[in-house]
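*Asks:* Curious how this folds, go ahead:
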Amino acid sequence: MPHSTLFHFRDRAHQSQVAAILRRLPPVEGAPIAIERARGLSSRGQAVHAGSLLRERRIVFDCTRAEFPRIFVHELFHFVWLRAGNPARFGWEALLGCELEAGAGGELGWSAEWRKQALAAADRQPRSRFWHEYCCESFCDTAAWLYSGGPRHPEFTLAARFRAARRAWFHQAFANRRLPL
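*Replies:* Down below sits the predicted model:
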């Protein structure tokens, strides 16, 4: 689907960047998503680079042009996570469980990293809200690492062997289907 029909830009600041990013992604499908900028975004009292308003189908950004590709892919994959279906989400959770059992430290973005650090052993088995949030943020940060075009970033701290397993999972999970937005 051409980006001109998939995204509605409230301003044109990032339109060319989105077109370049979409060329790196598997094919996508879904209803249009509004893209806009706003200053001073925060969540839970902390400044944030962006926010996805899933029900409103819009993403609001407050980041630099250099950070935009990574942040955009992360936010876009919140829509994918929502529509990926339980088999995909459970598969991702299983992968993360194996990583934790293997003692994997680090992550592929700060939004997953701080949630991973805050997890208690008791969060995983009952699939607590904290576990769900970590899984979602890890999924989105991994997508940003894979598809944003930036091979290095200070927040990419997960060991190479775990990165390889995540890359393989993504390729298998979305190999023969469109990314659901």
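*Asks:* can we go C-alpha only for contacts and neighbour counts from here?
*Replies:* OK.
*Asks:* Need the pLDDT of D123.
*Replies:* On pLDDT, D123 comes in at 88.
*Asks:* Just the C-alpha atoms of stretch 73-87, please, in PDB.
*Replies:* Provided in PDB are the C-alpha atoms of stretch 73-87 (Å, rounded to 0.1, in the frame of the first residue of the first chain):
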ATOM      1  CA  VAL A  73       9.400   2.100  13.600                       C
ATOM      2  CA  HIS A  74       9.000   1.500  17.300                       C
ATOM      3  CA  GLU A  75       5.700   3.400  17.400                       C
ATOM      4  CA  LEU A  76       4.400   1.800  14.200                       C
ATOM      5  CA  PHE A  77       5.000  -1.600  15.700                       C
ATOM      6  CA  HIS A  78       2.600  -0.900  18.500                       C
ATOM      7  CA  PHE A  79      -0.100  -1.100  15.900                       C
ATOM      8  CA  VAL A  80       1.400  -4.400  14.600                       C
ATOM      9  CA  TRP A  81       1.600  -5.800  18.200                       C
ATOM     10  CA  LEU A  82      -2.100  -5.000  18.700                       C
ATOM     11  CA  ARG A  83      -3.100  -6.800  15.500                       C
ATOM     12  CA  ALA A  84      -0.500  -9.600  15.300                       C
ATOM     13  CA  GLY A  85      -2.800 -12.100  17.100                       C
ATOM     14  CA  ASN A  86      -2.300 -14.300  20.100                       C
ATOM     15  CA  PRO A  87      -0.100 -16.900  18.400                       C
END
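*Asks:* In that stretch, which residues are buried?
*Replies:* Within stretch 73-87, the residues that count as buried by 16 or more other C-alpha atoms under 10 Å are V73, H74, E75, L76, F77, H78, F79, V80, W81, A84.
*Asks:* Columns pLDDT on top of these, output as TSV?
*Replies:* Compiled in TSV, the buried residues of stretch 73-87 are given as follows (pLDDT from 0 to 100):
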residue	pLDDT
V73	97
H74	96
E75	96
L76	97
F77	98
H78	97
F79	97
V80	97
W81	97
A84	95
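*Asks:* Out of those residues, which sit inside helices?
*Replies:* Within the buried residues of stretch 73-87, membership in helices is found for V73, H74, E75, L76, F77, H78, F79, V80, W81, as judged by DSSP state H.
*Asks:* and which of these is nearest G149?
*Replies:* Out of these, the one with the shortest distance to G149 is V73. That distance is 9.9 Å, counting by C-alpha to C-alpha.
*Asks:* correct me, but the closest one touches S148?
*Replies:* Yes. With contacts counted by C-alpha atoms under 8 Å, V73 reaches S148, the gap being 6.1 Å.
*Asks:* quick check, nearest of the ones in helices among the buried residues of stretch 73-87 to D141?
*Replies:* With C-alpha to C-alpha as the yardstick, the closest approach to D141 among those comes from H74, at 5.6 Å.
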